[in-house]
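# quick one: sequence and predicted model below, then my questions.
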Amino acid sequence: MWKVPWGIIAGICAMVVFFATVGVIAAFVVLNSIAGQTNTSTTLFGEWYQTALFIGDVLFLLGLIASTVLWFVKRKKLKEET
């Protein structure tokens with residue numbers, strides 16, 4: 001467990017969370033403007049890819065939180081050993 005690069009994993013998760021959040025917002029804005037032009041309505045979970053993107057965003061956010069906590073625990077443990 002101590003040889004796992006938690007900082008790198010946290011960084012990767014942070015990038016994925018950022019771009020997935022931008023994707024969720026962009027998809028909602030684009031579909032909402034299309035729905036406004038056609039006098040219909042849309043939701044955040046209207047299409048399958050919006051739902052998949054949102055679920056992936058939440059899962060990577062949980063991964064980011066977990067890997068950040070484990071990175072701090074690993075860092076604290078290494079400081080105590082020296």
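Yep, it's here.
# how about Leu70: what's its closest non-neighbour residue?
Using Cβ to Cβ, 6 or more residues apart in numbering and skipping residues adjacent in sequence, the residue nearest Leu70 is Trp6, 4.6 Å away. (Glycine included, C-beta is placed from N, CA and C.)
# distance of the one you found relative to Leu59?
Distance of Trp6 to Leu59, given as Cβ to Cβ, to the nearest Å: 17 Å.
# which one of those two is surrounded by more residues?
Applying other Cβ atoms under 10 Å to Trp6 and Leu59 shows that Trp6 carries more neighbours, namely 19 against 14.
# correct me, but that one touches Lys74?
Yes. Contact criterion Cβ atoms under 8 Å: Trp6 and Lys74 qualify, at 5.8 Å.
# just give me the residue right at the centre of the protein.
Closest residue to the average C-alpha location of the chain: Val17 at 2.6 Å, with Cα atoms, centre = their mean.
# what about the helices in the chain?
6-37, 48-81 (DSSP state H).
# any chance of CSV for those, columns mean pLDDT?
As requested, the helices of the chain are exported to CSV (pLDDT from 0 to 100):
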stretch, mean pLDDT
helix 6-37, 94
helix 48-81, 93
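# still on that earlier bit, enumerate every residue touching the residue nearest to the centre of the chain.
Asp57, Phe60, Leu61, Leu64 (Cβ atoms under 8 Å, 6 or more residues apart in numbering).
# tell me how many other residues crowd Ile65.
Neighbour number of Ile65 under other Cβ under 10 Å is 13.
# quick check: closest non-adjacent residue to Cys13.
Nearest non-adjacent residue to Cys13, counting by Cβ to Cβ, 6+ apart: Leu64, 3.8 Å away.
# how much space separates the one you found from Trp6?
Taken as Cβ to Cβ, the span from Leu64 to Trp6 is 11 Å.
# cool, Lys77 as well?
If you measure Lys77 against Trp6 using Cβ to Cβ, the figure is 11 Å.
# list the buried residues in stretch 41-61.
Buried residues in stretch 41-61, counted by 16 or more other Cβ atoms under 10 Å: Thr42, Gly46, Gln50, Leu53, Phe54, Asp57, Phe60, Leu61.
# what's the last one in contact with, if anything?
By that I understand Leu61. Cys13, Val17.
# appreciated, that's everything.
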